[in-house]
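Chemist: task: produce atomic coordinates for the following.
(one chain, ligands or ions: 1)
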Amino acid sequence: MSVEQTLSIIKPDGVQKNLIGEIYSRFEKAGLEIVAARMLRLSKQQAEGFYAVHAERPFFKDLVSYMTSGPVMVQALQGEDAIAKNRQIMGATNPAEADKGTIRADFADSIEENIVHGSDAADTAQQEIAFFFGDDGVCERTR
Ligand code: CMP
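Modeler: Modelled structure (predicted):
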């Protein structure tokens, strides 16, 4: 076990459903600390850049359209095994396959609109945190 940081996004459907507090509460109850946060409306260019790894996938255009359809809430989370812990809290990408009690099982309508994003590995977490918060946008927890 080691202390990690990971990138989390509450997507436009999660913000629209007023779930920011509910989702933050789940993070905090699981021992994850929020060390950076911002709300923004992604431009088409930002959404395409963030999801560049999916550029060739058939769902890419719809994904960009969905992610730019309204504001998102973006946060960096910190804690023991934060990457895996956040993915456990979110549940499977497809809400139909997500475990009971996870965010996606409880709130998501479909695999396309699945409420939250979370980094999948240490290298992507680092890249994704830098994408939104630069090199010095994460706040050290001193107490
Ligand atoms: P996310 O974890 O943010 O990573 C890529 C996103 O693409 C995913 O969540 C979904 O919002 C979206 N998506 C749409 N269709 C699919 C699909 N068939 N497989 C995986 N992701 C999909």
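
Chemist: buried sites along the longest helix belonging to the chain?
Modeler: If you go by DSSP state H, the chain has its longest helix at helix 122-133. Buried residues in helix 122-133, counting neighbours by 16 or more other C-beta atoms under 10 Å, are found at 124-125, 128-129, 132-133. Every residue, glycine included, has its C-beta placed from N, CA and C.

Chemist: show residues contacting it.
Modeler: 4-7, 36, 38, 49-50, 74, 76, 82-83, 119, 138 (C-beta atoms under 8 Å, 6 or more residues apart in numbering).

Chemist: with stretch 19-35 instead?
Modeler: Against stretch 19-35 from outside (C-beta under 8 Å, 6+ apart): 5, 8, 10, 14, 73, 75-80, 82, 85-86, 89, 103, 107, 115-116, 138-141.

Chemist: any of the residues you listed buried? List them.
Modeler: Among the contacts of stretch 19-35, those classed as buried by 16+ other C-beta under 10 Å are 5, 8, 10, 14, 73, 75-79, 82, 85-86, 89, 103, 107, 115-116, 138.

Chemist: mind listing which of the contacts of stretch 19-35 are in strands?
Modeler: Counted as lying in strands by DSSP state E, out of the contacts of stretch 19-35, are 5, 8, 10, 73, 75-80, 116.

Chemist: format these as JSON lines; extra columns: distance to the ligand and pLDDT.
Modeler: Putting the ones in strands among the contacts of stretch 19-35 into JSON lines (distance: C-beta to the nearest ligand atom, whole Å; pLDDT from 0 to 100) gives the following:
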{"residue": "Q5", "distance to the ligand": "17", "pLDDT": "98"}
{"residue": "S8", "distance to the ligand": "10", "pLDDT": "99"}
{"residue": "I10", "distance to the ligand": "11", "pLDDT": "99"}
{"residue": "M73", "distance to the ligand": "14", "pLDDT": "99"}
{"residue": "Q75", "distance to the ligand": "14", "pLDDT": "98"}
{"residue": "A76", "distance to the ligand": "16", "pLDDT": "98"}
{"residue": "L77", "distance to the ligand": "15", "pLDDT": "98"}
{"residue": "Q78", "distance to the ligand": "20", "pLDDT": "98"}
{"residue": "G79", "distance to the ligand": "20", "pLDDT": "98"}
{"residue": "E80", "distance to the ligand": "22", "pLDDT": "98"}
{"residue": "V116", "distance to the ligand": "8", "pLDDT": "98"}
